[in-house]
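Engineer: Fold the stuff below for me.
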Amino acid sequence: MPNKLLQEPIRITRPQDLPPITVGLNDAARLLGVSPAWLHPRAKAGEIPSAIVGGRRLFRIASLEAWLAERESATAANAAGADAAVVGGSR
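Structural biologist: You can find the predicted model right below:
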């Protein structure tokens, strides 16, 4: 049976139809649910991944998602440790 994928015509997607891979400061803050004033100094200090491109600070959406996932894991680990301390009676 012939491979149908190889017979399909290649469709060129226009750049304006592609989803963005980066967002600016205001949109990054909105995605994270924080203010730009909170986000900017942390990004500038390298605590949150960003890059300066054309004089503008940009945030890769995938990097923000990964950063948030790391924070969630750390928060869960800290909570589990606190719960263990309460159960063990060391509080």
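Engineer: For the rest of this, base every contact and every neighbour count on C-alpha atoms.
Structural biologist: Will do.
Engineer: the bottom helix or strand of the chain by mean pLDDT?
Structural biologist: Ranking every helix and strand in the chain by mean pLDDT, DSSP states H and E puts helix 4-7 at the bottom, with a mean of 59.
Engineer: So which residue is smack in the middle of the protein?
Structural biologist: Nearest to the geometric centre of the chain sits residue 64, at 1.6 Å (C-alpha atoms, centre = their mean).
Engineer: hang on, it packs against residue 49?
Structural biologist: Yes: look at residue 64 against residue 49 with C-alpha atoms under 8 Å: they come within range, at 7.0 Å.
Engineer: which strands and helices sit next to the biggest helix by length in the chain?
Structural biologist: In terms of residue count, the longest helix belonging to the chain (DSSP state H) is helix 61-88. Applying 3 or more C-alpha pairs under 8 Å, 6 or more residues apart in numbering; DSSP states H and E, one finds that helix 61-88 contacts helix 25-32.
Engineer: Mind doing that once more with 10 Å?
Structural biologist: strand 22-23, helix 25-32 (3 or more C-alpha pairs under 10 Å, 6 or more residues apart in numbering; DSSP states H and E).
Engineer: quick check: mean pLDDT across it?
Structural biologist: Regarding helix 61-88, the rounded mean pLDDT is 83.
Engineer: what's the angle from it to helix 25-32?
Structural biologist: 40 degrees (axes from the mean of the first three to the mean of the last three C-alpha atoms, to 10 degrees).
Engineer: Show me which positions of helix 61-88 end up buried.
Structural biologist: Residues 61, 64 are the ones in helix 61-88 that count as buried (16 or more other C-alpha atoms under 10 Å).
Engineer: And stretch 15-34, by the same measure?
Structural biologist: Buried residues in stretch 15-34, counted by 16+ other C-alpha under 10 Å: 22-23, 25, 27-29.
Engineer: same thing with stretch 39-54?
Structural biologist: Here stretch 39-54 shows 39-40, 43, 48-51 as buried, counting by 16+ other C-alpha under 10 Å.
Engineer: In TSV, list these along with secondary structure.
Structural biologist: Putting those into TSV (DSSP: H, G, I helix; E, B strand; the rest coil) gives the following:
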residue	secondary structure
39	helix
40	helix
43	helix
48	coil
49	coil
50	coil
51	strand
